[in-house]
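[1] structure here, sequence nowhere to be found:
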């Protein structure tokens, strides 16, 4: 894969090891094993909580939502880090058990953590909060394969660095307006940037239409000492 210059600047994490270095030092397997051990430990703790709920008086009247921090590269794209706008970095776990508790419902529709709040409001029969930016996932809980889901998932990494994802495509646009565009249905690892390929102009412009017209500036109180790109941004805010 050929990276855009801006993508290298935004996602550079010099304090983290590269895949090449871990291979040279014969530590890649150990790092992945440690990461999987952490996941296994967390799974066990979640199981304890669910077991306790099952044995309580609230098993049949409790809505359970399980979500996590966003993803992590474990060697893909020559990096061991999570700060980026690619799918593996921004994807997260989202599991909802509503009161119907029907098992095995899996949806591939793009959703966001912003959707949790309106979903809980909807499931609880409470009035909607008109200021909320998310969307209730109740239609997908009732029908995981619902075809009338017009929403995308939006991720940002600094002002004007935005990723837009639907079921088929992923668009990443950086602050200099350069873009990456992937057919994630055929290229889930995002190896082939199709932004300069013929035949994708309509889809690129369609996803660009979801980019928020107004984006807040980063807080002057924030500190993100990741690399030269971010240091320059935060220094300019002060």
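    Nice, I can see it. Fair warning: this is a prediction, and the values are worked out from it, not measured in the lab.
[2] going by C-alpha atoms from here, please, whenever you check contacts or count neighbours.
    OK.
[3] look at the most centrally placed residue in the chain and report its pLDDT.
    Against the mean C-alpha coordinate of the chain, by CA atoms, centre = their mean, the closest residue is residue 90 at 2.5 Å. Note on residue 90: pLDDT of 94.
[4] in three-state terms, label the residue lying closest to it once chain neighbours are set aside for me.
    Counting by CA to CA, 6 or more residues apart in numbering, residue 90 lies nearest to residue 70, which is 5.2 Å off, once chain neighbours are set aside. Following DSSP: H, G, I helix; E, B strand; the rest coil, residue 70 is assigned to coil.
[5] likewise for the one 3 residues further on?
    What three-state DSSP gives for residue 73 is coil.
[6] count of neighbours near the residue nearest to residue 90?
    Residue 70 has 14 neighbours, counted by other CA atoms under 10 Å.
[7] in the protein, which spans are helices?
    Here the chain has its helices, by DSSP state H, at 5-11, 19-24, 28-54, 87-90, 116-123, 138-142, 201-208, 228-236.
[8] quick one: the residue of the chain most remote from its centre from residue 124, how far?
    Taking CA atoms, centre = their mean, the residue of the chain most remote from its mean C-alpha position is residue 57, at 34.7 Å. Note on residue 57: its distance to residue 124, by CA to CA, to the nearest Å, is 18 Å.
[9] for this protein, what helix or strand is lowest in average pLDDT?
    Among the helical and strand segments of the chain, the one scoring lowest on mean pLDDT, DSSP states H and E is helix 228-236, with a mean of 84.
[10] what's that one in contact with?
    Outside helix 228-236, the residues within contact range by CA atoms under 8 Å, 6 or more residues apart in numbering are 9-10, 218, 220, 222-225.
[11] the residue nearest to the centre of the chain and residue 161: what is the separation?
    Going from residue 90 to residue 161 by CA to CA gives 13 Å.
[12] and for residue 183?
    19 Å.
[13] again, but for residue 195
    Relative to residue 161, and taking CA to CA, residue 195 is found at 16 Å.
[14] looking only at neighbour counts, state which of the two leads.
    The neighbour comparison of residue 195 against residue 161 (other CA under 10 Å) goes to residue 161, with 22 against 17.
[15] the more buried one reaches residue 172, doesn't it?
    Yes. Using CA atoms under 8 Å, residue 161 is in contact with residue 172, at 7.4 Å.
[16] common neighbours of these two, please.
    Common neighbours of residue 161 and residue 172 are not found (criterion: CA under 8 Å, 6+ apart).
[17] partners of residue 155 in the sheet?
    Following DSSP bridges, residue 155 is listed with bridge partners residue 163.
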